[in-house]
Structures are given as C-alpha cells and as structure tokens.
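Participant: coordinates only, sequence not included:
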C-alpha cells in the first residue's frame, strides 16, 4: 500500500468515525431503531459490493461458446473454475471437453467414448500415457466426425483413457487444426 493509499484510508476512517459519532449523538433517544436501520443499510451496501465484485463470474456462468459464421471464430468464455469448456459433436453426439493445452492428444473418458459409439474394449488399451496422476492405459481410436458449429473434421485421431477422468480433454493434436488460439479478457478465441 502506497503512502497516498494509506493517507486516503486514514481520511476515510476518520470521516466515517465522525459521521458515526454524529449519528449516535443525534439519535440517542431512539438508538435501538436507528441501529437496526443502520445494520440493514450496511447489509444492503455489502450485498451490492459483493454483487458488483462477482458480476463477471455470475454473467459468465450461463454463457457458452459463440460461433461466428462470418469470421469462423469460436469464442469460448472462461468458466468460473478458470477453465475453458467446449461441447463438440463427436459422431453426432455432444461431448463436453475441457480445453487442455498441456495435453498432447484429444482424450475421451471411457464413458464419453461409449456415448459417442467408440468402444475400444479391454483389448484396445494397448498404449500408455503419462498424466499428472501417473501412467494410465489408453486406447488409440479414430473418430468419424468431430464438429463445433460449422467447423467439421473427419477421421480425427484421439485416445480413450482407461483411468479415472472427470471430463474429456481437448488437447493440442486437435487445437493445432486452428490457425490461431488467443486468450484475452477472459475469453479464448479459436480461428480457422
């Protein structure tokens, strides 16, 4: 905190103390009722400050990706948890992915793979992948179609994870299909 900030804070505290002293002196006869009213106004003030501070998170929570047909850009808002999520049509089935620039492959959870009609079976898990949780078995697969809005890709290479995973990952092998990936003002913009 700079000295100017400290001086402003001290001034505001002194001003607040003077106003509080005046309030109590003027209203000493009906102090109980005035304290209730002051507490109510304080709660309204704190609620307004909280709503203002959380407005970006509140307004983004219901937003989904926007796709511009003119420019071909896909704009993905940052989620409240700090991640970017995209719902892609995998073999005409909506699958939710977390965009993960630290992941090499497009990786489906086993449940999402089955939902999209891709079931490698137990024999298909011939590969291994190193993750933050250790080494897991993976099955290399090819996805017939992967689409988001008008952008559609065919015969997309992906993996199915045999380990525990909450959400499928949209890794770099798929993200490299875009000519530009930009993160600015809490949005990820993908361009083809």
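Facilitator: Noted; the coordinates are in hand. Owing to the predicted nature of the structure, the values given are computational and were not obtained by experimental measurement. Residues are numbered from 1 along each chain as shown.
Participant: show me the contacts for residue 85.
Facilitator: Neighbouring residues of residue 85 by C-beta atoms under 8 Å, 6 or more residues apart in numbering: 76, 79, 96, 97, 98, 99, 167. For glycine as for every other residue, the C-beta is placed from the backbone atoms N, C-alpha and C.
Participant: burial measure for the second one, as a count.
Facilitator: Just to be clear, that refers to residue 79. Using other C-beta atoms under 10 Å, residue 79 has 15 neighbouring residues.
Participant: The fifth one too?
Facilitator: Using other C-beta under 10 Å as the criterion, residue 98 is surrounded by 18 other residues.
Participant: Tell me which helix or strand it sits in.
Facilitator: Using DSSP states H and E, residue 98 sits within strand 93-99.
Participant: in that strand, what counts as buried?
Facilitator: 95, 97, 98, 99 (16 or more other C-beta atoms under 10 Å).
Participant: again, but for stretch 138-149
Facilitator: Neighbour-count burial for stretch 138-149, counted by 16+ other C-beta under 10 Å, picks out 138, 139, 141, 143, 145, 146, 148.
Participant: ok, and what's touching it?
Facilitator: With C-beta under 8 Å, 6+ apart, stretch 138-149 has contacts from 65, 67, 69, 74, 86-92, 105-108, 113, 116, 118, 120, 124-129, 152-162, 174.
Participant: mind giving me the domain split of the protein?
Facilitator: Following automatic domain parsing, one finds the domains of the chain at 3-61, 66-191.
Participant: Give the rounded mean pLDDT of the shortest one.
Facilitator: The pLDDT scores in domain 3-61 average 73.
Participant: From the rest of the structure, what touches stretch 98-112?
Facilitator: Contact with stretch 98-112 is made by 76, 83-86, 90, 95, 97, 116, 118, 129, 138, 141, 143, 146, 156-162, 165-175, 181, 188, as judged by C-beta under 8 Å, 6+ apart.
Participant: What mean pLDDT does that stretch get?
Facilitator: 89.
Participant: For that stretch, buried residues please.
Facilitator: For stretch 98-112, burial by neighbour count (16+ other C-beta under 10 Å) applies to 98, 99, 100, 103, 105, 106, 107, 108, 109, 110, 112.
Participant: Secondary structure and distance to residue 5 added to the residues you listed, as a markdown table?
Facilitator: Below are these laid out as a markdown table (DSSP: H, G, I helix; E, B strand; the rest coil; distance: C-beta to C-beta, whole Å):
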| residue | secondary structure | distance to residue 5 |
| --- | --- | --- |
| 98 | strand | 39 |
| 99 | strand | 38 |
| 100 | coil | 39 |
| 103 | coil | 43 |
| 105 | coil | 49 |
| 106 | coil | 48 |
| 107 | strand | 47 |
| 108 | strand | 51 |
| 109 | strand | 49 |
| 110 | helix | 54 |
| 112 | helix | 50 |
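Participant: ok, so of those residues, who is nearest residue 23?
Facilitator: Residue 23 has its nearest neighbour among these in residue 98, at 51.9 Å by C-beta to C-beta.
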